[in-house]
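**Q** one predicted model, sequence on top.
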Amino acid sequence: MNLLDGQKPDPQELLQFKSQDILSAEQFSAGEVEIILRTAAYYEKQLAAKKRLYDMDGQIMAALFFEPSTRTRLSFESAMCRLGGSVITVAESAASPTSSTAKGESLHDAANMVNNYADVIVCRSPMVGSARIMAAAAEVPVINAGDGIGQHPSQALLDIYTICQEKGGVEGLTVALIGDLKNGRTVHSLLYLLSFHACRVILVSPRELQMPQELVERMRMKGMMVEVAEDLSYACREADVLYMTRVQKERFESEAAYNQVKDRFILDERYLPLLRPRSIILHPLPRLNEIATSVDAYAGAAYFRQARNGLPVRMALLALVTGNVR
Ligand code: NCD
């Protein structure tokens, strides 16, 4: 069976997700990830056929974003609209407050209220564990769209979806995660999902920004082959998938500390001759200067295709947790 052939999974397989919160990539089994990806491929096929969908007709998604976002919020909103549902949104940052959370209302109280206004909540906040707090306060399903340096499970799902689409699967690949592995929530989530596959992972970061040791140990215990490196050329020569990340400026205590590490890994056209044939380059975006724009023309530069996959993957998540895949 081809995982992404667009066939809808059996109703029984779909139903197990109903009312689940999506908080961390750690919560999934390999089988669950597979069903989510198959559901996403089903929706991608519907989108390609320009089908008008009513799976979530009459339902409302609340997007509560207390940190900046472009792709994640808009693709969740677009996903809900494409499913025939409606969207209500709070999008604010400390610099431009709009909701009562900015007045000091707790996340618990906010979620408790929004629970009355929506059928599913998608939330992002700078605080690790914030989605869990909101999920405890809301009866409707809560999807974590990024909790500080913690987790970003929907991103990891679309990353795996993209790898499967571009490379035909994850088995046997060498995947290099590059950049700010300490503060990057996307790589924290992705590492869990990679651990379901027999693949080799190379972690490339400045010494100050290494993947949390505890997470690395946990993956090794699961049998993952994990290597730590500090050299981008080495990663280019070895990897089938290069996953670049932004140095997370907003998590640094000082501008000076950020400036010390921000330009450590810049993938530009000089590295292209080192790449393995058919290797791909991913990035959760936004990019600053980690990938030079001159790399965009490389056939394996897949980061914009990756961002596009956010739509079907988030359609799948919304419809699954509300029990609405029709
Ligand atoms: C990432 C995030 O917010 O964690 N972006 C995203 O959701 N696509 C990565 C980042 O901001 O660097």
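**A** Structure received.
**Q** all helices for this protein, in order.
**A** 11-15, 30-48, 71-82, 107-114, 130-137, 153-167, 185-194, 213-221, 232-238, 255-261, 303-308, 310-321 (DSSP state H).
**Q** Serialize those helices to JSON lines and add fields for mean pLDDT, mean neighbour count and distance to Leu64.
**A** Where you see a C-beta, it was placed from the backbone N, CA and C, and this is true even at glycine. Output for the helices of the chain, formatted as JSON lines (pLDDT from 0 to 100; neighbours: other Cβ atoms under 10 Å; distance: least, Cβ to Cβ, whole Å):
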{"stretch": "helix 11-15", "mean pLDDT": "96", "mean neighbour count": "13", "distance to Leu64": "26"}
{"stretch": "helix 30-48", "mean pLDDT": "98", "mean neighbour count": "19", "distance to Leu64": "22"}
{"stretch": "helix 71-82", "mean pLDDT": "98", "mean neighbour count": "21", "distance to Leu64": "10"}
{"stretch": "helix 107-114", "mean pLDDT": "96", "mean neighbour count": "19", "distance to Leu64": "7"}
{"stretch": "helix 130-137", "mean pLDDT": "98", "mean neighbour count": "22", "distance to Leu64": "8"}
{"stretch": "helix 153-167", "mean pLDDT": "98", "mean neighbour count": "25", "distance to Leu64": "15"}
{"stretch": "helix 185-194", "mean pLDDT": "98", "mean neighbour count": "25", "distance to Leu64": "17"}
{"stretch": "helix 213-221", "mean pLDDT": "97", "mean neighbour count": "13", "distance to Leu64": "27"}
{"stretch": "helix 232-238", "mean pLDDT": "98", "mean neighbour count": "18", "distance to Leu64": "36"}
{"stretch": "helix 255-261", "mean pLDDT": "96", "mean neighbour count": "13", "distance to Leu64": "27"}
{"stretch": "helix 303-308", "mean pLDDT": "98", "mean neighbour count": "18", "distance to Leu64": "22"}
{"stretch": "helix 310-321", "mean pLDDT": "98", "mean neighbour count": "26", "distance to Leu64": "15"}
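**Q** next, format the ones you listed as TSV and append distance to the ligand.
**A** Listed next are these as TSV, based on distance: least, Cβ to the nearest ligand atom, whole Å:
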stretch	distance to the ligand
helix 11-15	26
helix 30-48	16
helix 71-82	4
helix 107-114	18
helix 130-137	13
helix 153-167	5
helix 185-194	5
helix 213-221	16
helix 232-238	18
helix 255-261	13
helix 303-308	7
helix 310-321	8
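**Q** how about these in TSV, adding distance to Thr174?
**A** Below are the helices of the chain laid out as TSV (distance: least, Cβ to Cβ, whole Å):
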stretch	distance to Thr174
helix 11-15	31
helix 30-48	20
helix 71-82	26
helix 107-114	39
helix 130-137	31
helix 153-167	11
helix 185-194	11
helix 213-221	15
helix 232-238	5
helix 255-261	25
helix 303-308	18
helix 310-321	24
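**Q** contacts for stretch 160-168 next, please.
**A** 3-4, 33, 37, 40-41, 169-170, 173, 175, 190, 193-194, 240-241, 278, 280, 282, 300, 302, 305-306, 309, 312-313 (Cβ atoms under 8 Å, 6 or more residues apart in numbering).
**Q** how about the contacts made by the residue of the stretch 101-250 of the chain found nearest the ligand?
**A** Nearest residue of the stretch 101-250 of the chain to the ligand: Arg246, at 3.8 Å (Cβ to the nearest ligand atom). Each residue near Arg246 by Cβ under 8 Å, 6+ apart is listed here: 179-180, 184, 283-284, 286-288, 290.
**Q** ok, and the most crowded of those residues?
**A** Counting neighbours by other Cβ atoms under 10 Å, the top entry in the contacts of Arg246 is Asp180, with 28 neighbours.
**Q** just to check, that residue is in contact with Glu208?
**A** No - taking contacts as Cβ atoms under 8 Å, Asp180 lies outside contact range of Glu208: 9.3 Å.
**Q** common neighbours of those two, please.
**A** What both Asp180 and Glu208 touch, as defined by Cβ under 8 Å, 6+ apart, is the set Val261.
**Q** buried residues of stretch 242-254, list them for me.
**A** Of all the residues in stretch 242-254, those buried under the rule 16 or more other Cβ atoms under 10 Å are 242-248, 251-252.
**Q** output it as PDB, restricted to C-alpha atoms.
**A** Output of stretch 242-254 as PDB, limited to C-alpha atoms (Å, rounded to 0.1, in the frame of the first residue of the first chain):
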ATOM      1  CA  LEU A 242      18.700  18.600   5.300                       C
ATOM      2  CA  TYR A 243      16.300  20.200   7.800                       C
ATOM      3  CA  MET A 244      17.400  23.800   8.400                       C
ATOM      4  CA  THR A 245      16.100  25.900  11.200                       C
ATOM      5  CA  ARG A 246      16.100  29.600  12.300                       C
ATOM      6  CA  VAL A 247      18.000  30.600  15.300                       C
ATOM      7  CA  GLN A 248      15.100  31.500  17.700                       C
ATOM      8  CA  LYS A 249      16.000  35.100  18.500                       C
ATOM      9  CA  GLU A 250      13.000  35.500  20.700                       C
ATOM     10  CA  ARG A 251      14.300  32.900  23.200                       C
ATOM     11  CA  PHE A 252      17.600  34.600  23.800                       C
ATOM     12  CA  GLU A 253      18.300  36.700  26.900                       C
ATOM     13  CA  SER A 254      20.400  39.300  25.000                       C
END
